[in-house]
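A.B. asks: prediction below, plus the sequence it came from.
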Amino acid sequence: MKRARAHISWQKPTGSARAFLRSFAKDQKGAALVEFGLMLPILILLFAMVVEGGRLMWSYQTVVAGVRDATRYVARVAPQNICSSGGNLAGFTTDVERIVRESVSGDSLFPTGITVTGVTPGLTCVVGTYRVSPAGIVEVTADLQVTFPFAGGFTFAGQTLATITTSIADQSRIYGS
């Protein structure tokens, strides 16, 4: 028995082949998968930016809470008559700095994008008709350096936004011991 040899050559499609090619060109099966494959890297990048931005804002709010806690601490511990006794807040600097820094580094979920560069307690004495005059007002200021997680990936007009330096401050009246 002799086997027939297949001879393949490109010929102009006949009626049935032409109909097959037309139906193949109009077929939409798999189009959604191709579109999803094209959009997936963009969606993953957008999701990562939202997650990292949220973590960065969470860290910033933690620093705000740390400054607020340090201010409350000094307001409770400093003597109520600190202004009339000529005192200052220099003795509280290490405690205030520890409170703010521990609020930032206390949880491993926080990104490394926020660095506390300095914490300073300040005292203002306000004269008025208060029970204790002059009344002491403590202000704790924390200087921060914020580094954006995706800063290197985006440039606008040839400029990158790598870091921002800012400060957070809170005030409270001293009503301590």
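C.D. replies: Sure thing, it's come through.
A.B. asks: mind checking how far the residue nearest in space to the middle of the chain is from Gly128?
C.D. replies: Geometric centre of the chain, nearest residue: Leu56, 1.5 Å, by C-alpha atoms, centre = their mean. As judged by C-beta to C-beta, to the nearest Å, Leu56 and Gly128 stand 41 Å apart. The C-beta positions use only the backbone N, C-alpha and C, and glycine is treated the same way.
A.B. asks: now do Ile99
C.D. replies: 29 Å.
A.B. asks: and the helix or strand hosting Asp170, what does it pack against?
C.D. replies: Assigned by DSSP states H and E, Asp170 belongs to strand 163-173. Contacts defined by 3 or more C-beta pairs under 8 Å, 6 or more residues apart in numbering; DSSP states H and E place strand 163-173 against helix 31-77, strand 135-147.
A.B. asks: name the residues of the lowest-mean-pLDDT helix or strand in the chain that are buried.
C.D. replies: Every helix and strand of the chain was ranked by mean pLDDT, DSSP states H and E. The lowest is helix 15-26, at a mean of 75. Judged by neighbour count using 16 or more other C-beta atoms under 10 Å, helix 15-26 contains no buried positions.
A.B. asks: please apply the same query to stretch 60-74.
C.D. replies: For stretch 60-74, the neighbour count (16+ other C-beta under 10 Å) marks Tyr60, Thr62, Val63, Val64, Gly66, Val67, Arg68, Asp69, Ala70, Thr71, Tyr73, Val74 as buried.
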